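Novice: Prediction below, plus the sequence it came from.
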Protein chains: 2
Amino acid sequence: MQLLIPRLLLCLDGNTEVLENHAVLIDGERVAEVGPALTLLAKYPEAEKIELPDQVLMPGLINCHTHAAMNLFRGIADDLALHDWLQTRIWPLEGAHADQEFVYDGTVMSAAEMLLGGTTTFNDMYFYPDQVVQAAIDVGIRVVAGITVIEFPTRYASDANQYIELGLAARDKTLNEATVHWSAAPHAPYTVSDDTFLRLASLAEELNLPIHCHLHETASEVTDAVSRNGVRPFDRLLKLGVINERFMAVHGVHLNDSELAQMSKAGASLVHCPASNLKLASGIAPISTALKAGVNVVVGTDGAASNNKIDMWDEMRLAALLCKGASMDATAWTASEALLGVTNGAAKALGLESVTGRISAGFKADLIAVELDQKPHQSPLHNLVSKLVYSGSARDVAHVWVNGKRVVESQQLVGKSSQLVSQTMRKVTRVWQTRLQ
Amino acid sequence: MQLLIPRLLLCLDGNTEVLENHAVLIDGERVAEVGPALTLLAKYPEAEKIELPDQVLMPGLINCHTHAAMNLFRGIADDLALHDWLQTRIWPLEGAHADQEFVYDGTVMSAAEMLLGGTTTFNDMYFYPDQVVQAAIDVGIRVVAGITVIEFPTRYASDANQYIELGLAARDKTLNEATVHWSAAPHAPYTVSDDTFLRLASLAEELNLPIHCHLHETASEVTDAVSRNGVRPFDRLLKLGVINERFMAVHGVHLNDSELAQMSKAGASLVHCPASNLKLASGIAPISTALKAGVNVVVGTDGAASNNKIDMWDEMRLAALLCKGASMDATAWTASEALLGVTNGAAKALGLESVTGRISAGFKADLIAVELDQKPHQSPLHNLVSKLVYSGSARDVAHVWVNGKRVVESQQLVGKSSQLVSQTMRKVTRVWQTRLQ
């Protein structure tokens, strides 16, 4: 048992109330009790006492969309139109290099970047999810891995059947892993057939998985589909019955008002990736409209090839700022709403609403301790939630717990994962940088 | 003499060429020579040798618009429409608190935040510029202080005459300070009369100062002026002869194509403050159009009350991303252009184009050493300029020199400024946080 005694406590248990003189008891993997520090100290004298006098304790952030392995591509292809970026750089690079070793090493680096920056859960979509999951376990982060499916052959699989088989086999091996979760992950409407969508939707139903899918990222995705099939991708998926409370539409830059209203009605979630959308010039997602329609809006970094930071602080801040600027409404997406979005809302989107995303008895202990006012960029502290959303930063994250285990201490990875990440980082410099040229 | 021997050298001397095995000799306040490391080692055996094996050495970043003292207001007023933000929060707070002590303490904190994050010059506009300058000197950063003028009375001055007198008197006292520069700083068209604009324009001409002025920040600023005077603020200033190569238009969110063309023709600069413009829902400045028109576009953070980070890495990245997203052109404002903008372009806007903003013999030694690939978020290093612009961060800044003097060493302020900042930070927590409630 660990008894965490922070200066401030932000449970984000459905609201942004800030508690003082409170403590959190971790028993094994879970938060066992939240209460007044003096009470818990008296009640659990045998617990390991961890004082956090300069920090706020809060739930870890949740990254709702990334391709973690693509960390190895960070900075390799910038300032290119989406078409050139994909066709002349990313796809050929993936074709030549995206094997098991690449996925494991890239995911180790991305997981380390996220964990050190206070992200405790990430939702991934990539080839070789068995490697994604292994890297996440080895680094110590919670993962929602994708049973990723596209119709065309890659190094990883030859057709939709094989993608599904491989994904299910990888899932079967991790059923006892407390930090591993799965999604059905059809890549996008333009790469996945109706039959496969239907199959994945029923698989999701049967296995109780969320559905993780790119949707309406660019204007041409929509117009191409309309000219090819006479139907917008959203309408096609709606007709197939895929748009439901399990569904996460990633990007959604070109969803119209009626589609957002239908998303809301269906209980689906929109994964907003503002940096990637700006950098690839896909546009600015209609987040203010989505929020007004009642859609569960969550945030993802996308992969490092299109962001190029895997940093949920930056992404949350950009999402909140961009929503205001694009809608010309400075009161849109307040700091509180944004912070609840990347914790409570994100857990809900991933089907983990009773697992993570808040500090509450019975939830898994996925927690971060964030420095309050020790450095000039952190000072003053007028308003905690504003501080976290508008001036918070990955560098302020001092300690991290995932599933009850302390995985980052004083800004350093703890134990074996520290050596793994150092080794992998050296390999990136010596091997991958040369190999990927 | 100091001989700096970095792993990579980025002089930004009009381009983004990356040099290896090169060194920079600092003699007193200036860069004396740039050349092959072996040559300079042999030529200057008596110089103090400073090895930077894990870093790139580059010019410090230049923040072209801030109100540094407003750091004390960070997080005190968020998620409010501009009108409410100003009238119900910021102006009353300034009226009650913005005295000499406030300006000194706030500027100390902001200067420390900037310096630790690799910003070596900032362009300020605020009351009590004598205090701004003193704080900048005490912390060790280069400043362009504003001879700030508005027509209405504040604690600081009663009318335009007195604002100008006080500004000039403060300037007179700093003529021998190598790190202090001045601008004529009429606050905005809606707070400054024609006569005062004319007077400041001729003062700027006479004393060779840049002109630092808010312009077309919001749509209502323009429409209000048109309904009051029948003329757009830009046209009014153009007619007064104020729009020239000295002129910096801050924000310029609502400048139209013809105004941008006239800015370009006049050789004026546009100071883009993307985070502040988004957060206050002023809109998105037409940066792609401005760049195509040939305007010198530079970047500023604005004050911490509307940003809330005084971090030129974040601001540069946001500027580059937003330009692409808003113009739907992923090739707009490339990483190279953005990096040259916040160094070469910024120095030009401030009239310091032969003083700072590049590493070149004869220029003042305003330099930063930035970590390359020591941590997961910095890895891999495929492209240096991309790394700096799209994934660079204040936390990567290891060492800083201003005017030849090392002011930050291993992420810590050096010497007396370190104590001053620690003391002031404690005072912010104990005194200012309470006083400003």
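Specialist: Done, it's in. The structure presented is a predicted model; accordingly, all values stated were derived computationally and were not measured. Residues are numbered from 1 along each chain as shown, chains lettered A, B, ... in the order given.
Novice: Contact partners for residue A:249?
Specialist: Contacts here follow C-beta atoms under 8 Å, 6 or more residues apart in numbering or on different chains; on that basis residue A:249 touches A:213, A:215-216, A:234, A:243, A:255, A:263, A:268-271. (Glycine included, C-beta is placed from N, CA and C.)
Novice: that's a strand at residue A:361, yeah?
Specialist: No: remark: residue A:361 does not belong to a strand; assigned using DSSP: H, G, I helix; E, B strand; the rest coil, it is coil.
Novice: what about it, neighbour count?
Specialist: By other C-beta atoms under 10 Å in any protein chain shown, the residues close to residue A:361 number 14.
Novice: rewinding a little: counting only helices, which of the contacts of residue A:249 make the cut?
Specialist: Among the contacts of residue A:249, the members falling in helices are A:234, A:263 (criterion: DSSP state H).
Novice: quick one: which of the contacts of residue A:249 is nearest to chain B?
Specialist: residue A:216 (14.9 Å; C-beta to the nearest C-beta).
Novice: so what's the closest one up against?
Specialist: Under the criterion of C-beta under 8 Å, 6+ apart, the contact partners of residue A:216 comprise A:222, A:232-234, A:249, A:251-255, A:259.
Novice: any chance of the residues you listed in JSON lines, plus pLDDT?
Specialist: As requested, those are exported to JSON lines (pLDDT from 0 to 100):
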{"residue": "A:222", "pLDDT": "97"}
{"residue": "A:232", "pLDDT": "98"}
{"residue": "A:233", "pLDDT": "98"}
{"residue": "A:234", "pLDDT": "98"}
{"residue": "A:249", "pLDDT": "98"}
{"residue": "A:251", "pLDDT": "98"}
{"residue": "A:252", "pLDDT": "98"}
{"residue": "A:253", "pLDDT": "98"}
{"residue": "A:254", "pLDDT": "98"}
{"residue": "A:255", "pLDDT": "98"}
{"residue": "A:259", "pLDDT": "98"}
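Novice: now for those, which pair is the farthest apart?
Specialist: In terms of C-beta to C-beta, the contacts of residue A:216 reach their longest pairwise distance at A:232 and A:251, which sit 14.3 Å apart.
Novice: between those two, who's got more neighbours?
Specialist: The residue with more neighbours, out of residue A:232 and residue A:251, is residue A:251; 28 against 20, by other C-beta under 10 Å.
Novice: What about that one? Give its phi and psi, please.
Specialist: Recorded main-chain torsions at residue A:251 are phi 90, psi -80, according to degrees, to the nearest 10.
Novice: Show the contacting residues for it.
Specialist: So residue A:251 contacts A:214-217, A:271-273, A:276-277, A:282, A:285 (C-beta under 8 Å, 6+ apart).
Novice: ok, so of the residues you listed, who is nearest chain B?
Specialist: The shortest approach to chain B among the contacts of residue A:251 belongs to residue A:277, at 6.3 Å (C-beta to the nearest C-beta).
Novice: Backbone dihedrals for the closest residue to the closest one other than its chain neighbours, please?
Specialist: Leaving out its chain neighbours, the residue that sits closest to residue A:277 by C-beta to C-beta, 6 or more residues apart in numbering or on different chains is residue A:253, at 5.4 Å. For residue A:253, the backbone dihedrals are phi -60, psi -40 (criterion: degrees, to the nearest 10).
Novice: wait, isn't residue A:253 in contact with residue A:214?
Specialist: No: the pair formed by residue A:253 and residue A:214 falls short of the contact definition of C-beta atoms under 8 Å, at 10.5 Å.
Novice: helix/strand/coil for the nearest residue to residue A:186 once chain neighbours are set aside?
Specialist: Setting aside the residues directly before and after it, residue A:186 is nearest to residue A:192 in space (C-beta to C-beta, 6+ apart), at 4.2 Å. Classification of residue A:192 using three-state DSSP returns coil.
Novice: doesn't residue A:159 make contact with residue A:192?
Specialist: No: at 11.6 Å, residue A:192 and residue A:159 do not qualify as touching, with contact defined as C-beta under 8 Å.
Novice: what is in contact with those two at once?
Specialist: With contacts taken as C-beta under 8 Å, 6+ apart, residue A:192 and residue A:159 have residue A:151 as neighbours in common.
Novice: higher neighbour count, the two?
Specialist: Between residue A:192 and residue A:159, counted using other C-beta under 10 Å, the more crowded position is residue A:192 (23 against 14).
Novice: so how far is the host helix or strand of residue A:259 from its chain's centroid?
Specialist: Using DSSP states H and E, residue A:259 falls within helix A:257-266. When distances are taken as C-alpha atoms, centre = their mean, to the nearest Å, helix A:257-266 is centred 23 Å away from the chain's centroid.
Novice: Identify the residues contacting stretch A:269-276?
Specialist: The contact list for stretch A:269-276 (C-beta under 8 Å, 6+ apart) reads A:64-65, A:123, A:247-252, A:255, A:260, A:263, A:282, A:284-285, A:287, A:290, A:295-303, A:306-307, A:309, A:314-315, A:318-319, A:322, A:345, A:348-349, B:321.
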